[in-house]
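Trainee: here is a sequence together with a model predicted from it:
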Amino acid sequence: MRTFKTLTKGAALVALSVVVACTGVVQDTATGPTPIPKAVLVSAGDVAVVIAAPDGFCIDRATITENTNGAFMFLSDCRVVASTGKAARVPISYILTSSISPTGLAGSENGMKPALEALGQFLATPVGVFTLGKSHVVGAVSILQTKQTNTALYLLVEDKEFSDDAGVSSRYWRAFTEVNGRLVALSVTGYSGSDPEEKRGLRIIRAFMQAVVDANVAL
């Protein structure tokens, strides 16, 4: 079984990432509190934001971080044991991350759609596309696909210089939205050759985005 510790090697976020040390507040799962939560409440710029996992995934509490720069966490595959209601790790197929900025999406006060379009235009520039990479090598990163809804921006990114001993793919999905006035960046990364057309990765990141949005409706 590939371990979560091995898989997280080299899995960097965009410029919105934070590298800090703290803990998050565990939310209840459908069957009660669990040491491997399906959702957590964190603070970003003194605003509460819930990050919720899509079906089949859980949050790694050891990776939850918060500080003045925002919040960050890793997620990976899990299953909920029906007899106990607790989640357990299973062989990992995808690595998920969430990064929450202490500020909002620039221009969102004039509407989410145009603000996301402007973000997409910036990320397509040489400076913007560099921030999407993991290798930090100039010219190695490209955007293969761009998809946008009225409330979210999705990018399929390739970093040709990125390599990882665990076989993590050099292609990955990024997604951006604003939740409770805070910019939220999500990512989904699989393994080389496991999802050649990135269809499952796209389904997962869309489900991830929906889980986060739905979890914050009541806040």
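Mentor: Sure thing, it's come through.
Trainee: only C-alpha atoms from now on, for both contacts and neighbour counts.
Mentor: OK.
Trainee: residues near residue 193, how many?
Mentor: Residues near residue 193, counting by other CA atoms under 10 Å, number 12.
Trainee: in space, what's closest to it - neighbours in sequence excluded?
Mentor: Among residues not flanking residue 193 along the chain, residue 169 sits closest, at 7.5 Å (CA to CA, 6 or more residues apart in numbering).
Trainee: show me what the helix or strand containing that neighbour is packed against.
Mentor: Taking DSSP states H and E as the definition, one finds residue 169 inside strand 168-179. For strand 168-179, the contact count by 3 or more CA pairs under 8 Å, 6 or more residues apart in numbering; DSSP states H and E identifies helix 112-123, strand 153-159, strand 182-191, helix 199-215 as packing neighbours.
Trainee: if we use 6 Å, what do you get?
Mentor: Contacts defined by 3 or more CA pairs under 6 Å, 6 or more residues apart in numbering; DSSP states H and E place strand 168-179 against strand 153-159, strand 182-191.
Trainee: average pLDDT across that strand?
Mentor: Mean per-residue pLDDT for strand 168-179: 97.
Trainee: likewise for stretch 146-159?
Mentor: Averaged over stretch 146-159, pLDDT sits at 97.
Trainee: from the chain's centroid, how far away is it?
Mentor: Chain-centre distance of stretch 146-159: 13 Å, with CA atoms, centre = their mean, to the nearest Å.
Trainee: got the contact list for it?
Mentor: Identification of contacts with stretch 146-159 by CA atoms under 6 Å, 6 or more residues apart in numbering yields 112-113, 133, 140-145, 170-177.
Trainee: using neighbour counts, trim those residues to the buried set.
Mentor: Among the contacts of stretch 146-159, those classed as buried by neighbour count (16 or more other CA atoms under 10 Å) are 112-113, 133, 140-143, 170-177.
Trainee: distance-wise, check the spatially most central residue of the chain relative to residue 100.
Mentor: Nearest residue to the geometric centre of the chain (CA atoms, centre = their mean): residue 186, 2.5 Å. Distance of residue 186 to residue 100, given as CA to CA, to the nearest Å: 9 Å.
Trainee: list the contacts for residue 178?
Mentor: Shown in contact with residue 178 (CA under 6 Å, 6+ apart): residue 184.
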